[in-house]
Structures are given as C-alpha cells and as structure tokens.
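In: turn this into a structure:
(2 chains)
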Amino acid sequence: MIEISSLSKHYGRHKAVDQISFEVARGEIVGFLGPNGAGKTTTLRMLTGFLPPSSGAARIAGKDIFRESLEVRKRIGYMPENVPLYTEMRVKEYLRFRGALRGLSGRRLRTRMGEVLETCGLTDVRRKMIKTLSKGYRQRVGLADALIHEPDLLILDEPTNGLDPNQIRAIRRLIQNLGQKHTILLSTHILSEVEMTCNKVVIIDGGKVKAADTPANLVNSMRRAGRVTVEMQAPIPDAEAAMTTFEEVTKVTSEALQDGWNRFTVFVAPHTDTRAKLGNLATQKNWPLRTLSRRVGTLEEVFVELTRKD
Amino acid sequence: MRIFRILYFKELKTYFLTPFGWLILAFAALMQGLILSTTLEAFENQAQSESLVYLNFTSPFFWFYFLFLFPVLTMRLFSEENRSGTLEGLLTAPVRTWQVVLSKFSAAYTAFITLWIPALIHFKLFTTITDIPPPFTNGELYGAIIIILLMGALFTAFGCLASALTASQIIAGVVCVGILFIHFLLGLVTTFFGDQIIAAPLFDFISSQNHLRDFSRGLLDTRPLFYYLCSAAFTLFLTHHLLDYRRWKP
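Out: Now for the predicted structure:
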C-alpha cells in the first residue's frame, strides 16, 4: 500500500526527515511513533502531497506521491494534526462539502454521509456548528471527513491528541473497526494505544527509522527485556559462578535482601528463556528458591531505549 | 470545473450567508448614497458642465472608500485558512491549486460586483423619483460601471496576493491597502510632476484616475481593458505560485 524509499525532507540545513524507508502492506494498522520533532508530521505531510520531498520517493497504491499527487490524494483520507475544520460550518454541511470535493455526489454522497455520521457517532450533532462542538466531537468530524470517500488508506496524525480517556477508548475502538476495511497509518504518542491497535510499529527519531516491526517482536528483541529475577538462599559467589556458565547469560548482579535471602538479576540474550535452567540449578544445588520471574518489556521501554538521547 | 464550482459556492456562502458580506454591502450602499447626494447638491447650487455620473465618480470621496473595499473583501481568503490550518486539509484533497485560487478570487469578485447594484439602482431611479430627464447618458453610466469592474478585477487580485502572503488577516489587509495606495499614487504622478517627465506615458497608462475619468465620460478604451485583465491574471498567477511555494522551495 505504501512504499517509501529513502525519503528525505530538509528545511535549509535542518534535516527533518533523513532517508527513511519502510513499507506498509494492505490491511495493516501501522503505528508511527517518535518523540516530538522526530519528523512524523513532516513524513505524513509528504505522503499526503502537502509538502514535496527533498529527495527520495514514495508510492501509495502504486502511484508516485509527487508525480501523480492528485491520484494519490483521491485514495487517501488524511486527518491532520489538531484537526483543522471550517468552524463556521455545520457538521453535515462540512461533510457534504468535503465529500463533494472528493468526487461524491447525489445519492452516493447522501448515503456515505449517513454512514460516516453513524460510524463516528455524530448523528446527534449533525446540525450543530462545528465551533460549538467539543474537542472530542471535532476529532470525530475530522475522522468522518477522512473516511467519507472510502479511501484505501487512512493517514491519521495524532488522532487521540488532547482527548479524555473515555474519548480515547472510543476513538481506539473506531480505529480498530476501521482497520478491518482500511489500511491505517497513525502517528501517536500514546504507546499503550499502539500496543492494542497496531499490528506494526515504525519508530523514528531525528528523521531516521529506528525500528520497524510488530510490537511483540520489538519488545522481545529489546535489551532490557532479557532479564530474569531470581530470589534464593544461596551463597552469592557460588550462585553467580554457576549461573554465568549458561551460554545465554551475559551478566549477573546480586544483592543481599534484609531477610537473609539474596536477589540475583540475570541478564540474558534477547529471544531466550533461561527460567527452566535456573530452576533446575536451584534444585540440584538444594538452594531454596522463592522467586523466578522474567521481566516482560513494554513498548514504552522499547520506545525510550530507541529514542533516548544519552 | 466541478471542483471549481464547489469551492466557489463554498466561498460565496461566507460572503452572503454571514452578516459579513451584508455589512460591506450596507457600507458601500451608504457611501454611494452619500456621494450621490453631495454631488446632487453641487447641481442644485450651480449649473455643471459635466454629467452627474462623471462628477459622482470623480468625487474625492470615491477613492476614499473604494480602495478600502478590497482589503475587507479579500484579507480573509487565504490567511484565515493558513492560520487555522484548514489549508492543509484543502490542499490534500484532490483539488488543484489553481482551482483554489480561482474560486476564491471569483467569489470575492462576485461579492465586489454585487456592491455596485445599489449604485446602479440609484442612477436608474433618478428619473422615477425626480421626474426630470437624467443629467447623464447611459453610455457614461455603463462606461463608469465597466471601468469600476475592470479595476475591481485587478484590485481583488491584489487582495488575494496579499492574503496568500501571510497567516494574519490584519497584515494581509494592511499589505493590500499598501499596494492599492501605491498604485493610486502612481496614477497621480503626472498630476504632480507634469507630462514632461520621460515616464509620463507609462504613468498615464496605469493611472486608474485617468481611466475612470475617460470611461465615466463614456469613452471606452481598450488599453485599460488590456491592462487590468492582464495584470489581474498575472497577479493571480503570482498568488498561485505563492501558495505552491511550499511545494517547490528547497
């Protein structure tokens, strides 16, 4: 659906986006993550044809974003950051205008308007002026606008920005439902949301792609995820020596707890699980064991690890 | 063409479905009425050698309000979309930039044209109300209206250009007034410095004051027609590129 190859955008000397490449397959929901100023919005603006790339190329549904901009724009529904809307229009009027711009008319426009009003939960406010709507409703109007022409690809720039937890859940459910029919590329800061909705994550920082994989793979391959905590009554030097003989174990640290037990933190290579071996070790040596747990990482930790400045 | 029509009617709505357009119309009608009544007073006091239309449109008050119509009509067009960010939504929809520019210009120009309906009615009602033959001919009246519409095309285009320059309506308005005022002063150069300067024909060629004088005497000249239409087209071309600047800047 989207093929990006070494896409760059420079503002003078500043490289906002620096040679990024990734692909999005049809039907995927892709989370586009990065700290503030990482180049997320610039990338999305290039994909939607609002900004031209400085170099590189991207194709959406097989069409070049620069040379066939109009064709590309027909195929995408874009919700810009902060959802700019014509506030002096009424919801229905706005959607009619935006639908007509995208080439809908007559009965088709009317049925699509009814459908998106329903999907986005706007039926009750359809006659209201947009300026009287709350932030959550405006966000939904923006989403309805992006959806009205049934685009192949939805590009959402921070769709849940500034919403309360209930509204975030509602929008998330909406996105999950939409994911059954559309390909979605969404940028966000809220990582739990990505873990729940997206089947692929692209993390960028400083204009470069740091990682592009499924959330589960990212978490597994993270350095800090490979960490097992063991609490047992064993002499510290003996236990450390015994544990470091396993090939997966990279490092062991230990501390003596108040109650006579010792806690060992065992660092292991990614994608390995040494808990069984550690359990066996304790039984063989007759060391009483009370805790044996592997730390499960979160996407947030992956994000911090990849984008930390130090 | 379809996209142009949709955008055009959307813009037109902001003039005529809000109090905004009607306020300008009321202001224009008021000024036109005031100028007409002061000109008529001059007729009352002594015999005049020129027609009512000519004296009406060459009255010093005319320029005073005429030049201020354009910033008010146009300052909002692009700057407001730029400020609120709706330009992004508009230009990422499958529309061409020229459709956006032309539709906004056309809507503002349509609004400008409607401002002259009251003036036309004033002159048309003259005989009905006073029961005397009008002190002007139709040629003079239509000549004056034609040149005002021609000037309006260029000045509205100036307003579009000023509005596309900035995200602030106020600055857009001030820039528009500035451009119009400079254009107005250039038209006065030969009045101040005489016809002897080398560039006198050029200043005469672009002098709106001269054009208005000629046309409101019923003298139709194709040179101003050419001048206003070409300059308006060129100004809109600049506006188009200003708006597309983000697409080709390094």
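In: rest of the way, CA atoms for contacts and neighbours
Out: Will do.
In: got phi/psi on residue A:30?
Out: Phi and psi for residue A:30, reported as degrees, to the nearest 10, are phi -110, psi 130.
In: other residues contacting the host helix or strand of residue B:63?
Out: Assigning secondary structure by DSSP states H and E places residue B:63 in helix B:60-74. Residues from elsewhere that reach helix B:60-74 (Cα atoms under 8 Å, 6 or more residues apart in numbering or on different chains): B:24, B:28, B:31, B:35, B:56, B:108, B:111-112, B:155-156, B:159-160, B:163, B:172-174, B:176-177, B:180-181.
In: buried sites along that helix?
Out: Going by neighbour count (16 or more other Cα atoms under 10 Å in any protein chain shown), the buried part of helix B:60-74 is B:67, B:69-74.
In: let me see the mean pLDDT of it.
Out: On average, the pLDDT along helix B:60-74 is 89.
In: how far away is the residue nearest to the spatial centre of chain B from residue B:231?
Out: Nearest to the mean C-alpha position of chain B, by Cα atoms, centre = their mean, lies residue B:152 at 2.5 Å. In this view, residue B:152 and residue B:231 are 12 Å apart by Cα to Cα, to the nearest Å.
In: report the contact partners of the closest residue to residue B:93 other than its chain neighbours.
Out: Closest residue in space to residue B:93, ignoring its immediate chain neighbours: residue A:73 at 5.8 Å, by Cα to Cα, 6 or more residues apart in numbering or on different chains. The contact partners of residue A:73, taken as Cα under 8 Å, 6+ apart, are A:48-49, B:92-94.
In: closest to residue A:147 among the residues you listed?
Out: Using Cα to Cα, residue B:93 comes nearest to residue A:147 of these, at 12.2 Å.
In: not counting sequence-adjacent ones, nearest residue to residue A:125?
Out: Of all residues not flanking residue A:125 in the chain, residue A:91 sits nearest, at 7.2 Å (Cα to Cα, 6+ apart).
In: count the residues that sit near that neighbour.
Out: 28 (other Cα atoms under 10 Å in any protein chain shown).
In: again with the one 5 residues further on
Out: A total of 20 residues lie near residue A:96 under the criterion other Cα under 10 Å.
In: quick one: name the residues of the stretch 1-150 of chain A near chain B.
Out: Within the stretch 1-150 of chain A, the positions near chain B by Cα under 8 Å from any Cα of the partner chain are A:10-12, A:48-52, A:54, A:70-71, A:73-74, A:78-80, A:84-86, A:97, A:100-102.
In: give me the buried subset of the contacts of helix B:60-74.
Out: Burial by neighbour count, 16+ other Cα under 10 Å: within the contacts of helix B:60-74 this picks out B:24, B:28, B:31, B:35, B:56, B:108, B:111-112, B:155-156, B:159-160, B:163, B:172-174, B:176-177, B:180.
In: would residue A:201 count as being in a helix?
Out: No - per DSSP: H, G, I helix; E, B strand; the rest coil, residue A:201 lies outside any helix segment and is strand.
In: wait, it sits on residue A:216?
Out: No - Residue A:201 is beyond contact range of residue A:216, at 9.7 Å (criterion: Cα atoms under 8 Å).
In: neighbour-wise, which of the two wins?
Out: Using other Cα under 10 Å as the criterion, residue A:201 and residue A:216 rank with residue A:201 on top: 25 against 15.
In: who's in contact with that one?
Out: Applying Cα under 8 Å, 6+ apart, the residues near residue A:201 are A:30-33, A:194, A:211-215.
In: which one of those residues is nearest to chain B?
Out: residue A:32 (19.6 Å; Cα to the nearest Cα).
In: for chain B, see how far away residue A:105 is.
Out: According to Cα to the nearest Cα, to the nearest Å, residue A:105 stands 11 Å off from chain B.
In: for that residue, which non-adjacent residue is spatially closest?
Out: Closest residue to residue A:105 apart from its sequence neighbours, by Cα to Cα, 6+ apart: residue A:99 at 7.6 Å.
In: try residue A:120
Out: Of all residues not flanking residue A:120 in the chain, residue A:140 sits nearest, at 5.8 Å (Cα to Cα, 6+ apart).
In: who's in contact with the one you found?
Out: With Cα under 8 Å, 6+ apart, residue A:140 has these contacts: A:120-122, A:171.
In: now do residue A:101
Out: By Cα under 8 Å, 6+ apart, the residues touching residue A:101 are B:3, B:6, B:93-95.
In: could you rerun that using 10 Å?
Out: By Cα atoms under 10 Å, 6 or more residues apart in numbering or on different chains, the contact set of residue A:101 is A:74, A:95, A:149, B:2-7, B:90, B:93-95.
In: so what pLDDT did residue A:213 get?
Out: Looking at residue A:213, its pLDDT reads 82.
In: now the residue of the stretch 201-310 of chain A found nearest chain B. Nearest residue, chain neighbours left out?
Out: Minimum separation of the stretch 201-310 of chain A from chain B (Cα to the nearest Cα) falls at residue A:207, amounting to 17.2 Å. Take residue A:207 and drop its neighbours on the chain: the residue closest to it by Cα to Cα, 6+ apart is residue A:17, 3.9 Å away.
In: tell me what the one you found is bridged to.
Out: residue A:9 (DSSP bridges).
In: that one and residue A:34 touch, don't they?
Out: No - using Cα atoms under 10 Å, residue A:17 makes no contact with residue A:34, being 11.9 Å away.
In: any common contacting residues for the two?
Out: Listed contacts common to residue A:17 and residue A:34 are A:40, A:204-209; contacts here mean Cα under 10 Å, 6+ apart.
In: so of the residues you listed, which ones are in helices?
Out: Within the shared contacts of residue A:17 and residue A:34, residues falling in helices by DSSP state H are residue A:40.
In: which of the shared contacts of residue A:17 and residue A:34 tops the neighbour count?
Out: Of the shared contacts of residue A:17 and residue A:34, with other Cα under 10 Å as the count, residue A:40 tops at 26 neighbours.
In: flag every residue of chain B that's near chain A.
Out: B:2-7, B:9-10, B:14, B:18, B:80-81, B:83-96, B:244-250 (Cα under 10 Å from any Cα of the partner chain).
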